[in-house]
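> give me a model of this one.
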Amino acid sequence: MSSLKQLRDRAGLRSLLSRPDANPKVAKNKKVGVLGAVLHLAPGNMSGRETCPKRSPGCSAACLHFAGNPVTLDAKTKSRVAKTDLFFRDRNLFLNLLALEIAAHVRKAGREGMKPGVRLNGTSDIVWEKRRFILFPDVAAKIGRTADNIIDLFPEVSFYDYTKIPGRTPPANYHLTFSESEINAGDVAAEMARGMNIASVFFQELPAQHLGRPVIDGDEHDFRPADPRGVVVGLKAKGNFAKADRSGFVNENEKRTNFLAM
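Below you'll find the predicted structure:
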């Protein structure tokens, strides 16, 4: 049977999912009883293949991929490009490896008395509910079930993502929050009408309301399925590029706007 190590060796990758403690914000998911893990692909067309089809110029410039320690940027980029290359080059191998890693994550969450949460689009915007694959027989035997979609394969996992792709209807265990940009006001209005929560980025200070909705602090944790319905998820600009944004992607709140006008 193919072990996790054997599939990783075949793929030429150390792992696909990040460790639960690798991202401080994802680690905060433990506040709501969730052990989180994130898949980071190369954003935009960095790999030569587009992974964020609805990205805006402001979103591209402020991408979280470029936040964090610049010393590790080259290694981070190389790893994410390699994962993305495998995703497009050998989808079945990629998703079978991902299936084994998610199964291991589920077991770890159980040992720690928490629910498993997985975010598949840490730095991408793939429509995962439509990605089909063939589960290897030995992988299916290890997991003890079969399905042709990674979301359907793990009904006990709470999958969640931000997206700028409108009109998605994911399975019940896949929660989506629609992301505002400087060019998608029409899509934001349509998704609000469908009952979707909206994620908006601000310059440090979060307003009480935005788009006519109450704003919650989305940096308290990363687990968006725990959010109440009908809110804007306020996210503070992270990284030098986001903090210097002037495209309109990062929203000016009332307090900052008044300060800049003085």
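
> any weak-confidence spans in the chain?
Across the chain, the ranges flagged by pLDDT under 70 are 1, 240-241, 253-262.

> select the longest helix from it.
Longest helix of the chain, by residue count under DSSP state H: helix 91-111.

> so what does that one touch, helix or strand wise?
Other elements packing on helix 91-111 under the criterion 3 or more CB pairs under 8 Å, 6 or more residues apart in numbering; DSSP states H and E are helix 4-11, strand 34-38, helix 73-89, strand 115-119, helix 137-143, helix 150-153. For the C-beta atoms, the positions are set from N, CA and C on the backbone; glycine is no exception.

> what angle do that helix and strand 34-38 make?
In terms of direction (axes from the mean of the first three to the mean of the last three CA atoms, to 10 degrees), helix 91-111 departs from strand 34-38 by 160 degrees.

> mind checking how far helix 91-111 is from the chain centre?
On the basis of CA atoms, centre = their mean, to the nearest Å, helix 91-111 is displaced by 16 Å from the centre of the chain it belongs to.

> name the residues that touch that helix?
Helix 91-111 is contacted by residues 2, 4, 7-8, 10-11, 13, 15-17, 20, 34-35, 37, 39, 83, 86-87, 115-116, 118, 131, 133-136, 139, 142-143, 150, 153-154, 156-157 when judged by CB atoms under 8 Å, 6 or more residues apart in numbering.

> same thing with stretch 2-21?
With CB under 8 Å, 6+ apart as the test, stretch 2-21 has contacts from 26-27, 35-40, 79, 82-83, 86, 90, 93-94, 96-98, 100-102, 104-105, 108, 118, 122, 136, 138-139, 142.

> isn't residue 40 right next to residue 80, touching?
Yes - the pair residue 40 / residue 80 is scored as a contact, 5.4 Å apart, by CB atoms under 8 Å.

> who touches both of the two?
With CB under 8 Å, 6+ apart, residue 40 and residue 80 have common neighbours 65, 123.

> just the element for residue 44, please.
Of the helices and strands defined by DSSP states H and E, none includes residue 44.

> which residues does residue 249 contact?
Residue 249 neighbours (CB under 8 Å, 6+ apart): 56-59, 61-62, 181-182, 201, 242.

> any chance of the residues you listed in CSV, with secondary structure and neighbour count too?
Putting the contacts of residue 249 into CSV (DSSP: H, G, I helix; E, B strand; the rest coil; neighbours: other CB atoms under 10 Å) gives the following:
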residue, secondary structure, neighbour count
56, coil, 19
57, helix, 13
58, helix, 20
59, helix, 27
61, helix, 17
62, coil, 25
181, coil, 22
182, coil, 16
201, strand, 22
242, helix, 22
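
> how about those residues in TSV, adding distance to residue 49?
Below are those laid out as TSV (distance: CB to CB, whole Å):
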residue	distance to residue 49
56	19
57	19
58	22
59	18
61	20
62	21
181	21
182	24
201	25
242	24
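
> closest one of the residues you listed to residue 217?
Distances from residue 217 to those, taken as CB to CB, are shortest for residue 201 (12.7 Å).
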